[in-house]
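> With the input below, show me the fold.
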Amino acid sequence: MRRVVITGLGSVNPIGNNVNETWDSIIINKCGIDNISYFDTTDFKVKLAAEVKNFHPEVILDPKAIRTNDKFTVYGRIAALEAVKDSKLNLEEIDHDRFGCIVSSGIGGIETIAANEDVINEKGPGRVSPHFIPKSLINLCAGQIAIDFGCKGYVSSTVTACAGGNNAIGDAYLRIKFGQEDIMLAGGAEAAITPLAVAGFMQMKALCTSVDKNAASIPFDARRCGFVMGEGAGILVLEELEHAKARKAKIYAEVVGYGASCDAYHITAPAIDGMGGYKAMKKALDDANITPAMINYINAHGTSTHLNDSSETMAIKKLFGNRDDLFISSTKSNTGHLLGASGAVEAVICAKAITDDLVPATINYKEPDPECDLNYVPNKNLKSKLNYVLSNSLGFGGHNACLVFKKYGE
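Numbers count the residues shown, from 1 in each chain. Now for the predicted structure:
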C-alpha cells in the first residue's frame with residue numbers, strides 16, 4: 001500500500017484567517033466565541049456563535065467569485081488557495097487526471113437558500129437569482145476548487161453531518177493509498193450562522209444558551225449545556241509519499257489510519273454506550289497497524305453537549321482504558337463547532353500539533369464531570385513528544401469517522 005503524507009494546510013476559522021493565525025491562537029488559548037453579529041438575536045435564546053472575524057475575501061478572490069458563491073464556498077476556496085500555496089505544488093508539472101478533491105459540508109448554502117426564499121415570497125419567481133442553485137449545492141464547493149486548480153481526478157463531497165470533514169480526508173487518503181490518485185485536496189467548509197440554521201438547532205435544544213463566551217463551548221465540563229455554532233473551512237493537501245519526495249515537498253505528518261462506523265441508533269443522539277465511536281477508533285488503529293498504547297493524543301469530537309461528551313468518553317475508555325499518559329482535548333473550546341468543517345480544521349490543528357510536539361488544551365474547563373473522568377488537558381497546553389495522534393468526528397445520523405496521524409519519518 002502507498003503511503004500518504006500531508007504537504008499543505010489551509011484554514012479560515014473563528015480563531016484565524018489562515019493557518020499561522022490559527023496555530024498562534026491555539027498557543028495563547030484564544031477563544032473565538034462572541035455575540036452573534038450577523039443578525040439581530042433579540043427573539044433568540046441563543047446569543048453566541050464563533051464567527052470568522054476581520055475577513056476580507058475581496059483581497060483574495062475577485063468580486064464576481066464572491067458574488068456568485070455562497071459564503072461556505074468562499075471559505076473553502078480561500079482555504080484551498082492557502083493549502084496549495086503552502087504545498088508549493090507546481091500545477092504545470094503534475095498529472096491533473098490523478099489530482100482530486102473531496103470537500104465536506106453539513107448544510108452547504110443555507111444563507112443562499114434562505115435569501116432566495118425571501119425573494120420569491122416578496123418579489124416572485126422571476127427575481128430569484130440564476131446563481132441560486134450553484135451557490136446552494138453542497139458539491140459546488142468541491143467543484144469550484146476543482147476548477148481553481150484543475151482537479152480532473154475524483155472530485156466529490158461527503159455529507160455526513162459533523163463527521164464529514166474526517167470522512168472527506170479519510171476517503172481522500174484511501175484514494176491515494178490504493179493508487180487511484182497521487183494528490184488530493186480534502187477537508188470541509190461551513191457557513192451556517194444564519195437565523196434559520198441557528199433557530200433550527202436552537203429548537204432542537206442542541207445549542208448553548210449561555211451569554212458568557214467563556215462558559216459556552218466547554219467540552220467535558222459539568223456545566224456544559226450545548227454546542228456553539230462555528231463556521232469556516234479547513235483544507236489539506238494529501239500526497240503520495242514518493243510523489244512528495246520527488247519534488248522535495250515539506251511534509252507535516254503522515255496519514256496512516258482511517259476508520260468509520262455508524263451507530264444505527266438515533267438520528268441525532270449518539271449511542272449512549274459509545275460503541276460506534278469505539279468501533280471507528282478501533283478500525284482506524286487497525287488500519288494504521290498500531291496498538292492503543294501507541295496513541296499519544298486524541299483530538300476529541302468534544303462538542304460540549306451532555307450526551308456527546310459522556311458517550312465519547314465511554315468509547316475512549318473502552319479502547320484505551322484509563323491511561324494517565326493519554327492526552328485528550330477538544331479544540332472546539334477554541335473554535336466552536338464548525339459542523340461539516342470541524343474535522344477538517346481539527347486535522348489542520350493535529351498536523352501542527354505533531355510538527356511542534358504541542359498538545360492543545362481544553363480551554364475554559366472548570367468543573368469536572370464524574371461521567372467525563374479522563375485527562376482532558378485543562379486550560380494549559382503541554383509540550384510532549386507526539387508520534388501518533390487520533391482525531392475523532394461524530395455526526396448526526398450516527399456517523400463516526402476517525403483519523404490517525406503519524407509524525408513523519410523515513
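> Pull up the distance across stretch 50-63, start to finish.
Start and end residues of stretch 50-63 are separated by 25 Å (C-alpha to C-alpha, to the nearest Å).
> who touches it?
12-14, 17, 32-34, 36-38, 66, 74-75, 77-78, 81, 193, 217, 228-232, 335-338 (C-beta atoms under 8 Å, 6 or more residues apart in numbering). From N, CA and C alone the C-beta is placed, and that goes for glycine too.
> Go ahead and build a ChimeraX selection from the buried members of those.
Entered in ChimeraX, the line below selects the buried ones among the contacts of stretch 50-63, by 16 or more other C-beta atoms under 10 Å:
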select :12,13,14,17,32,33,34,36,74,75,77,78,81,193,217,228,229,230,231,232,335,336,337,338
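> Counting only helices, which of the contacts of stretch 50-63 make the cut?
Among those, the subset assigned to helices under DSSP state H consists of 66, 74-75, 77-78, 81, 335.
> wait, which of the residues you listed is closest to residue 152?
Set against residue 152, the nearest of those by C-beta to C-beta is residue 77 (17.5 Å).
> Just the pLDDT for the closest one.
pLDDT for residue 77: 98.
> That one contacts residue 146, doesn't it?
No. Residue 77 is not in contact with residue 146 according to C-beta atoms under 8 Å; the separation is 10.6 Å.
> Residue 9 is in contact with residue 250, isn't it?
No. Residue 9 is beyond contact range of residue 250, at 10.1 Å (criterion: C-beta under 8 Å).
> can you redo the ones in helices among the contacts of stretch 50-63 as JSON lines with distance to residue 177?
JSON lines is the format used below for the ones in helices among the contacts of stretch 50-63 (distance: C-beta to C-beta, whole Å):
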{"residue": "66", "distance to residue 177": "36"}
{"residue": "74", "distance to residue 177": "31"}
{"residue": "75", "distance to residue 177": "28"}
{"residue": "77", "distance to residue 177": "26"}
{"residue": "78", "distance to residue 177": "28"}
{"residue": "81", "distance to residue 177": "26"}
{"residue": "335", "distance to residue 177": "29"}
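> out of these, who's nearest residue 204?
Nearest to residue 204 among the ones in helices among the contacts of stretch 50-63, with distances taken as C-beta to C-beta, is residue 335, at 20.8 Å.
> Can you tell me the SS state at residue 174?
Assigned by DSSP: H, G, I helix; E, B strand; the rest coil, the conformation of residue 174 is helix.
> so who does the nearest residue to it once chain neighbours are set aside touch?
Leaving aside its chain neighbours, residue 174 sits nearest to residue 258 (6.6 Å; criterion: C-beta to C-beta, 6 or more residues apart in numbering). Applying C-beta under 8 Å, 6+ apart, we find residue 258 in contact with 169-170, 173-174, 283-284, 287, 401-404.
> wait, what's in contact with residue 308?
Residue 308 neighbours (C-beta under 8 Å, 6+ apart): 270, 301-302, 394.
> Just the strands from the stretch 251-400 of the chain, written as ranges.
Using DSSP state E, counting those that start in this stretch, the strands of the stretch 251-400 of the chain run over 253-262, 297-299, 327-329, 358-359, 382-383, 388-395, 399-406.
> okay, those in JSON lines with mean pLDDT next?
Formatted as JSON lines, those follow (pLDDT from 0 to 100):
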{"stretch": "strand 253-262", "mean pLDDT": "98"}
{"stretch": "strand 297-299", "mean pLDDT": "98"}
{"stretch": "strand 327-329", "mean pLDDT": "98"}
{"stretch": "strand 358-359", "mean pLDDT": "98"}
{"stretch": "strand 382-383", "mean pLDDT": "98"}
{"stretch": "strand 388-395", "mean pLDDT": "98"}
{"stretch": "strand 399-406", "mean pLDDT": "98"}
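> can you redo these as CSV with distance to residue 372?
Shown next, in CSV, are the strands of the stretch 251-400 of the chain (distance: least, C-beta to C-beta, whole Å):
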stretch, distance to residue 372
strand 253-262, 22
strand 297-299, 13
strand 327-329, 10
strand 358-359, 18
strand 382-383, 19
strand 388-395, 14
strand 399-406, 18
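> Please name whichever of those strands is nearest to residue 352.
strand 358-359 (7.9 Å).
> Could you name the helices and strands sitting against that closest one?
Applying 3 or more C-beta pairs under 8 Å, 6 or more residues apart in numbering; DSSP states H and E, one finds that strand 358-359 contacts strand 382-383.
> Neighbouring strands - and their directions - for the strand it packs on?
strand 358-359 (antiparallel) (DSSP bridges).
> Give me the contact list for the partner strand.
Against strand 358-359 from outside (C-beta under 8 Å, 6+ apart): 26-27, 297, 327, 329, 352-353, 377, 381-384, 386.
> re the thing from before, among the strands of the stretch 251-400 of the chain, which comes closest to residue 161?
Of the strands of the stretch 251-400 of the chain, the one closest to residue 161 (C-beta to C-beta) turns out to be strand 388-395, at 3.2 Å.
> Report the distance from that closest one to the chain centre.
Put simply, strand 388-395 sits 10 Å off its chain's centre (C-alpha atoms, centre = their mean, to the nearest Å).
> burial of residue 378, as a residue count?
16 (other C-beta atoms under 10 Å).
> Report the separation between residue 73 and residue 96.
Counting by C-beta to C-beta, to the nearest Å, the gap from residue 73 to residue 96 is 21 Å.
> And the helices in the stretch 251-400 of the chain?
Counting by DSSP state H, counting those that start in this stretch, the segments of the stretch 251-400 of the chain that form helices are 275-288, 306-320, 332-335, 342-356.
> Comparing these, which comes out most buried?
helix 332-335 (a mean of 30; mean count of other C-beta atoms under 10 Å).
> What's the mean pLDDT across it?
98.
> Equivalent analysis for stretch 171-190, please.
On average, stretch 171-190 scores 98.
> Can you show me the CA trace of that stretch as PDB?
The C-alpha atoms that make up stretch 171-190 are tabulated as PDB, following Å, rounded to 0.1, in the frame of the first residue of the first chain:
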ATOM      1  CA  ASP A 171     -11.800   8.900   1.700                       C
ATOM      2  CA  ALA A 172      -9.100  11.000   0.000                       C
ATOM      3  CA  TYR A 173      -6.400   9.200   1.900                       C
ATOM      4  CA  LEU A 174      -7.800   5.800   0.700                       C
ATOM      5  CA  ARG A 175      -7.900   7.100  -2.900                       C
ATOM      6  CA  ILE A 176      -4.200   7.800  -2.800                       C
ATOM      7  CA  LYS A 177      -3.300   4.700  -0.700                       C
ATOM      8  CA  PHE A 178      -4.900   2.400  -3.200                       C
ATOM      9  CA  GLY A 179      -3.300   4.100  -6.200                       C
ATOM     10  CA  GLN A 180      -6.300   5.900  -7.800                       C
ATOM     11  CA  GLU A 181      -4.900   9.500  -7.300                       C
ATOM     12  CA  ASP A 182      -1.500  11.000  -6.400                       C
ATOM     13  CA  ILE A 183      -2.700  14.200  -4.900                       C
ATOM     14  CA  MET A 184      -6.000  15.100  -3.200                       C
ATOM     15  CA  LEU A 185      -7.300  18.300  -1.700                       C
ATOM     16  CA  ALA A 186      -9.500  17.300   1.200                       C
ATOM     17  CA  GLY A 187     -11.400  19.000   4.000                       C
ATOM     18  CA  GLY A 188     -14.600  20.800   4.800                       C
ATOM     19  CA  ALA A 189     -16.400  24.100   4.600                       C
ATOM     20  CA  GLU A 190     -19.400  25.500   6.500                       C
END
